[in-house]
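> A structural model of the following input is requested.
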Amino acid sequence: MSWVANVMISVDTTDNENVETLSEWLRTAAPHRTGTGATGVGYLSLLSEPGIPGWGGWKARECEVWAGALNHADLDALRQRFFATPWREPNEVQLLVMDQEESFFRLWMIRDGELRQFAPLVPSEEEDGFYRG
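This next block holds a predicted model:
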């Protein structure tokens, strides 16, 4: 059985190496949410590479976007690792996470030396009336 979290990271091009390092940590050492000691939950791929179809518009993009579907990821550990990464442009990095059974991404950014969530907390998916159908 799996538990999937969709993850995207947007960075300045100068921080691609940091995302590659984070991706390797996800692949080899990131802990599972189960606490069993298992490691490795997936990896991130660069979506905004020149020549990759699907990046719309008439102009060249001005950021790098990395994404992956992580399996059994300890998302607290991911956020801690994201925050501890020595970003060259920490005010530009954005971490978007949509855990399984969530319906929208939660946006995390580093501001004033803290990792902060910039997404509405209410209504949540657990509240009556969140889904119309």
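
> gap between Trp87 and Met109?
Distance, Trp87 to Met109, using CB to CB, to the nearest Å: 11 Å. Using the backbone N, CA and C atoms, a C-beta is placed for each residue, glycine as well.

> Touching both of these two, which residues are there?
Shared contacts of Trp87 and Met109 (CB atoms under 8 Å, 6 or more residues apart in numbering): Val93.

> For the residue lying closest to Asn71 once chain neighbours are set aside, give its distance to Val41.
Of all residues not flanking Asn71 in the chain, Ser2 sits nearest, at 5.0 Å (CB to CB, 6 or more residues apart in numbering). Distance of Ser2 to Val41, given as CB to CB: 10 Å.

> Tell me which of the two has more neighbours.
Set Ser2 next to Val41 and count neighbours by other CB atoms under 10 Å: Val41 wins out with 28 against 8.

> Could you confirm the more buried one falls within a helix?
No - applying DSSP: H, G, I helix; E, B strand; the rest coil, one finds Val41 to be coil, outside a helix.

> residue contacts, it?
By CB under 8 Å, 6+ apart, the residues touching Val41 are Leu26, Arg27, Ala30, Pro31, His32, Leu70, Asn71, His72, Ala73, Asp74.
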